[in-house]
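Q: return atomic coordinates for the entry below.
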Amino acid sequence: MTTSKRKGSGGRPKGHWLRRGHRWLGALAALFVLMLSATGIALNHGSDWGLDSRYVTSRWLLDTYGVRAPDASASFTDQGHRATLLGTRLYLGELEIAADVEALTGLVSLGQLLVITSGQQVLLFTTDGELVERMSLPPGLIGPVERVGRAGEYAVIAAAGQNYRADSDISNFVPWENTDAVDIDWSLRSSPPASLMNVLKEQYRGRGLSIERVLADIHSGRIVGVAGPYVMDAVAILLIILSLSGLLLWLRPRNGRRNN
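A: Residues are numbered from 1 along each chain as shown. Prediction:
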């Protein structure tokens, strides 16, 4: 009994190109499968691993994403303390102390407390930058707060032409006519030093791009721009072709089993 192999053109067994193409497509697809699997696992555990609060420091990647630090919109100093607002991030010296501040209208120092005003809020911090209280102003107070100052040992704010003075523990503000003509030391804007601005802008950029976002963009293909989703569509088509070719190879009878 003899065994013969069915051959196509050129003397190669039928299915040769199918097997060869399947092999190369498999090698290419394996790279994308590994990437998608690794980024998918990382994204599923992003919060557990702190990826949403860890940030990219690569200048090249920050430039690629267009992460830029804005100029300071306001800066105030009092008794050696300086508050500066970049975007919505509030800094005390070089330390970021709040991340959702829409405006900065003044800073005064009262003992171990710093009184910072923003819109309809008064923010109380320790001199070390620890948040003590975020006070919403009473409904009867016409805002927003235009400025803040110090009258002796009391904090004073001004809104819509009316002055309001805080009580001794800065828990409430009430209208104040200042009938005794007490001098008010109002907080005034000042330009932060260039050296400080350089440090703040580097810090701002350093917290502008989370590792979780980069992984999500890699997973979706958006890391390469607008063409990214189309690249991932091509990968999906590649996997479909790979699956179909593998199925065809599995369904074809093996040459070794075909005997004459």
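
Q: C-alpha from now on. contacts and neighbour counts both.
A: Fine.

Q: stretch 218-233 spans what distance, first to last residue?
A: 14 Å (Cα to Cα, to the nearest Å).

Q: could you name the helices and strands sitting against the one helix or strand Leu238 maps to?
A: Element membership for Leu238, per DSSP states H and E: helix 228-251. Counting contacts by 3 or more Cα pairs under 8 Å, 6 or more residues apart in numbering; DSSP states H and E, helix 228-251 is packed against helix 16-44, helix 211-220.

Q: rank the ones you listed by pLDDT, which is bottom?
A: When the helices and strands packed on helix 228-251 are compared on average pLDDT, helix 16-44 comes out lowest at a mean of 70.

Q: now what about the helix or strand following that helix, what contacts it?
A: Next helix or strand after helix 16-44 toward the C-terminus (DSSP H and E): helix 59-64. The contact list for helix 59-64 (Cα atoms under 8 Å, 6 or more residues apart in numbering) reads Val56, Arg205, Leu209.

Q: report the buried residues of helix 59-64.
A: Using 16 or more other Cα atoms under 10 Å as the burial criterion, the residues of helix 59-64 that qualify are Leu62.

Q: please compute how far that helix lies from its chain's middle.
A: Taking the mean of its C-alpha atoms, helix 59-64 sits 14 Å from the chain's own mean (Cα atoms, centre = their mean, to the nearest Å).

Q: then the helix or strand following it to PDB, C-alphas only?
A: Downstream of helix 59-64, the first helix or strand assigned by DSSP H and E is strand 72-78. The C-alpha trace of strand 72-78 is given here as PDB (Å, rounded to 0.1, in the frame of the first residue of the first chain):
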ATOM      1  CA  ALA A  72      -1.500  82.000  38.100                       C
ATOM      2  CA  SER A  73      -5.000  83.600  38.100                       C
ATOM      3  CA  ALA A  74      -4.400  85.100  41.600                       C
ATOM      4  CA  SER A  75      -1.900  85.100  44.400                       C
ATOM      5  CA  PHE A  76      -1.900  86.700  47.900                       C
ATOM      6  CA  THR A  77       0.600  86.800  50.700                       C
ATOM      7  CA  ASP A  78       0.300  87.600  54.400                       C
END
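
Q: buried ones in strand 72-78?
A: Ala72, Ala74, Ser75, Phe76, Thr77.

Q: helix or strand right after it?
A: In N-to-C order, the element after strand 72-78 by DSSP H and E is strand 81-86.

Q: how about low-confidence regions in the stretch 151-260 of the chain?
A: 208, 222-228, 245, 249, 252-260 (pLDDT under 70).

Q: can you give me the end-to-end distance of stretch 160-169?
A: End-to-end distance of stretch 160-169 (Cα to Cα): 24 Å.

Q: could you do stretch 105-118 as well?
A: End residues of stretch 105-118 are separated by 6 Å (Cα to Cα).

Q: which positions within it qualify as buried?
A: By neighbour count on 16+ other Cα under 10 Å, the buried set for stretch 105-118 is Thr105, Gly106, Leu107, Val108, Ser109, Leu110, Leu113, Leu114, Val115, Ile116, Thr117, Ser118.

Q: how far away from the center of its chain is that stretch?
A: 28 Å.

Q: inside strands: which ones of the buried residues of stretch 105-118?
A: Gly106, Leu107, Val108, Ser109, Leu110, Leu113, Leu114, Val115, Ile116, Thr117, Ser118 (DSSP state E).

Q: hmm, which two among those are most spread apart?
A: Farthest apart among these by Cα to Cα are Leu110 and Ser118. That separation is 17.4 Å.

Q: look up phi and psi at the closest residue to Tyr204 other than its chain neighbours.
A: Spatially, and ignoring its direct neighbours in sequence, Tyr204 is nearest to Ala69 (5.9 Å; Cα to Cα, 6 or more residues apart in numbering). The phi and psi values for Ala69, taken as degrees, to the nearest 10, are phi -100, psi 130.
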